[in-house]
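S.K.: Sequence isn't available, so here's the structure alone:
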């Protein structure tokens, strides 16, 4: 055992200190050996070709000349006497050398090669005799790749300008030489041809294939003409819908890419485009065909298999997928470029919807997938995006989380959270609905994979806690601003949405197990309460109310008790609410879209009335959560005593608060709390179990509807009145917005009319000057 342990330690030590260096050294040695082998093989082949090319020297049976010169000597090296002495014979025998050069090109496979040695290392890096140049003068020439032999599209464009007659000849007799659009996509045509080519076909089918071939030839002719037309698009559409043609799909992708880059400023990019689009109808047709039918063609040729567990499998190792991968990447890249140019909601919805069925195919292309996630999140989080666009973009993100692996899911969740924070920077009446839609939709993603959801949520909540700690420790003048802003408030509210949705008893009953996100409730509540009490001044009462609503959501959904009464009592006991307010005529503050009260609102009746309404509403929402609890009388008693004490102090003539609206709201709240306490005491008097019987205590009034309790009925009426008030405010806001737009339009029309009048006056003035000049000329004559 000791020896084995010692060997194991030595192995570990070797792996830690020397293994990497040994492996790197072996790899370097293998590369050097491979290069030497390739170089030696090239050199041997050059030598053999040179010997074969000089074939005359190998004929030993022919007599040599008296002067020692070979019969195959070069004519340029001979003197005049030597030339006339027998040079004609040499020239005649040297001419067949051209035939020998042909033998060095492509040799027949069945010809025996006496001089060729068998391959030693069998690597893909070896060069065949066909790849070598016929007469290589130097090593540099022998290393040239065959890819540089052909002409590029730029060379053909130059040829069309320099020699238009030859270019026209090529276009008529060899049009294939002029086709240079997307060499990467050319394999699609080969794949389509291999599918359509079948040796044993009946005569009827052959006739059909001939017709199809003619149609494809027409398509190829159309590609030579760069102008895209509606008949071309219609033919491609029919070919894809009838026989799922890959050739037609390739042309559609090329045309779609041209449409996506239609308004590009890059001249080099414009030259690469396969088609020119000048008609809006053609642009519309190619967009519809590409976005609707290309995904169907891909799904037909590379079908996605679904396992019994619900996992999707894409045959990425198949030849078809590898061939179609360039088509897919070109198509998706064009979509991403097109999205940046669109503003119409219907077109954006159609374009984003086309990405959803392609998500399983894109998991292999990480770089493209990263750009896709970034682009889709931008549309989901933009404040200018409509609800339809946001929902369509969210469906793409959800599909990525469902289909993707752990890395993709983590990337999507992080990008989504960052997009939410960026999109919530500006919060007002116009953007609050979109922000709430983002929070509610993104909360669903964290429940699809709770393992990844927990790690990402823990990281971001911890980040919020670190910001709060830094703000408390480094108590500088501006340190609180990292906490007191809309992004921090919406972050805490978003995590309350996530936990309330996935940690509710109903959700846990559906899954049959406890939510993995439940341990995050405690740290989130602690961070929220700490941020709420960072600066307990009247200026930030709206922020306190925002955070109390977030905590009430968690408590309502998860059944977790969170002590919030003290935070509301601090508001009532503040200097802002103890003294009588100053009269004011300013507009009431909307607490739903504000986290900070302007200085002009402080100590005013408008602000005090609003704060009083918020306190009453939040107290009632807090107590209604426990309105059926057996301990409600004891639970509500301290708050009732504190509220009565505040009301008693407010009635004092000196130093009291004579705001009757606030007092009336609090008096009504106290009455409802006392009535609910008496209601619970009456129900509690009829039970026959002791407080130690926990199961019976939890089951007390469990099936009783909370709306029928005194506090519950009060909250229902309060919510109804609040909804009507919000509806009236929204209608008033829309009416003001409509009037403002009408005034702007009228102002523009008036400005345009004034400009027209000025132009007419200038024209009349010019006419008068011309008439005066004409009359002066007549007088002079």
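M.R.: Now that the structure is in, tell me what you want to look at. All of these numbers come straight from a predicted model, not from anything done at the bench.

S.K.: Point out where this structure drops to low pLDDT.
M.R.: For the chain, the stretches with pLDDT under 70 are 1-7, 49-156, 169-225, 264-272, 757-761, 763-781.

S.K.: go again using 50 as the cut-off
M.R.: 56-73, 75, 80-81, 83-150, 176, 179-184, 196-207, 210-211, 213-214, 217-224 (pLDDT under 50).

S.K.: Spatially nearest residue to residue 709, not counting backbone neighbours?
M.R.: Once flanking residues are discounted, residue 709 sits nearest to residue 627: 4.3 Å by Cβ to Cβ, 6 or more residues apart in numbering. C-betas here are computed from N, CA, C, even on glycine.

S.K.: Please identify the helix or strand for that neighbour.
M.R.: Of the helices and strands defined by DSSP states H and E, none includes residue 627.

S.K.: how near is it to residue 614?
M.R.: For residue 627, the distance to residue 614 (Cβ to Cβ, to the nearest Å) stands at 20 Å.

S.K.: Same question for residue 389.
M.R.: 34 Å.

S.K.: go on, residue 658?
M.R.: From residue 658 to residue 614 the distance is 20 Å (Cβ to Cβ).

S.K.: Name the residue in these two with the higher neighbour count.
M.R.: Per other Cβ atoms under 10 Å, whichever of residue 658 and residue 614 has more neighbours is residue 614, with 20 against 13.

S.K.: Tell me the helix or strand right after whichever strand or helix holds that one.
M.R.: Taking DSSP H and E as the definition, one finds residue 614 inside helix 605-624. Using DSSP H and E, the helix or strand that follows helix 605-624 in sequence is helix 632-650.

S.K.: how about that following helix: buried residues?
M.R.: 632, 633, 635, 636, 639, 640, 642, 643, 646, 647, 650 (16 or more other Cβ atoms under 10 Å).

S.K.: In JSON lines, list these along with distance to residue 487.
M.R.: What follows is the buried residues of helix 632-650, written out as JSON lines (distance: Cβ to Cβ, whole Å):
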{"residue": "632", "distance to residue 487": "38"}
{"residue": "633", "distance to residue 487": "42"}
{"residue": "635", "distance to residue 487": "35"}
{"residue": "636", "distance to residue 487": "36"}
{"residue": "639", "distance to residue 487": "33"}
{"residue": "640", "distance to residue 487": "38"}
{"residue": "642", "distance to residue 487": "34"}
{"residue": "643", "distance to residue 487": "35"}
{"residue": "646", "distance to residue 487": "35"}
{"residue": "647", "distance to residue 487": "39"}
{"residue": "650", "distance to residue 487": "38"}
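
S.K.: Can you tell me which of these is closest to residue 622?
M.R.: For those, the minimum distance to residue 622 (Cβ to Cβ) is 8.9 Å, reached by residue 639.

S.K.: now the helices for the stretch 651-781 of the chain?
M.R.: With DSSP state H, counting those that start in this stretch, the ranges of helices along the stretch 651-781 of the chain come out as 660-684, 694-698, 710-780.

S.K.: Check these for me and report the most buried one.
M.R.: Stretch with highest mean neighbour count among those: helix 660-684 (a mean of 17; mean count of other Cβ atoms under 10 Å).

S.K.: which parts of stretch 27-40 are buried?
M.R.: So stretch 27-40, judged by 16+ other Cβ under 10 Å, has buried residues 37, 38.

S.K.: got it, and stretch 282-299?
M.R.: Neighbour-count burial for stretch 282-299, counted by 16+ other Cβ under 10 Å, picks out 282-283, 285-287, 289-291, 293-295, 297-298.

S.K.: Could you do stretch 372-388 as well?
M.R.: Under 16+ other Cβ under 10 Å, the buried positions of stretch 372-388 are 372, 373, 375, 376, 377, 378, 379, 380, 381, 382, 385.

S.K.: Stretch 243-254 too?
M.R.: 244, 245, 246, 247, 248, 249, 250, 251, 252, 253, 254.

S.K.: Closest to residue 36 out of the residues you listed?
M.R.: residue 250 (43.4 Å).

S.K.: So the closest one belongs to a helix, correct?
M.R.: Yes - assessed with DSSP: H, G, I helix; E, B strand; the rest coil, residue 250 lies in a helix.

S.K.: Tell me which stretches of the stretch 151-300 of the chain form strands.
M.R.: In the stretch 151-300 of the chain, no segments count as strands under DSSP state E, counting those that start in this stretch.

S.K.: burial count for residue 475?
M.R.: 8.

S.K.: any idea how far it lies from residue 464?
M.R.: Residue 475 is 18 Å from residue 464, by Cβ to Cβ.

S.K.: And residue 596, by the same measure?
M.R.: Taking Cβ to Cβ, one finds residue 596 at 19 Å from residue 464.

S.K.: Quick check on those two: which one has the bigger neighbour count.
M.R.: Neighbours of residue 596 and residue 464, each counted by other Cβ under 10 Å, are more numerous for residue 464; the result is 20 against 15.

S.K.: The more buried one and residue 492 touch, don't they?
M.R.: Yes - contact criterion Cβ atoms under 8 Å: residue 464 and residue 492 qualify, at 6.8 Å.

S.K.: between these two, what contacts are shared?
M.R.: residue 527 (Cβ atoms under 8 Å, 6 or more residues apart in numbering).

S.K.: So which of the buried residues of stretch 282-299 is the closest to residue 33?
M.R.: Of the buried residues of stretch 282-299, the one sitting nearest to residue 33 (Cβ to Cβ) turns out to be residue 298, at 44.0 Å.

S.K.: which residues touch that closest one?
M.R.: So residue 298 contacts 324, 327, 328, 358, 361 (Cβ under 8 Å, 6+ apart).

S.K.: Check those residues against residue 623 and report the nearest one.
M.R.: After measuring these against residue 623 - Cβ to Cβ - the closest member comes out as residue 358, at 51.9 Å.

S.K.: Contacts only, for that closest one.
M.R.: Here residue 358 is in contact with 295, 298, 328, 331, 332 (Cβ under 8 Å, 6+ apart).

S.K.: which one of those sits closest to residue 166?
M.R.: residue 331 (35.8 Å).

S.K.: Pull out the buried positions in whatever helix or strand that closest one lives in.
M.R.: Secondary structure from DSSP H and E places residue 331 in helix 319-339. Neighbour counts over helix 319-339 (16+ other Cβ under 10 Å) mark 321, 323-336, 338-339 as buried.

S.K.: what's next to the following helix or strand past that helix, contact-wise?
M.R.: The helix or strand immediately downstream of helix 319-339 is helix 345-355, counting by DSSP H and E. Residues outside helix 345-355 that contact it (Cβ under 8 Å, 6+ apart): 287-288, 290-292, 294-295, 332, 335, 338-339, 342, 372, 376, 379, 385-386, 388-389, 392-393, 395-396.
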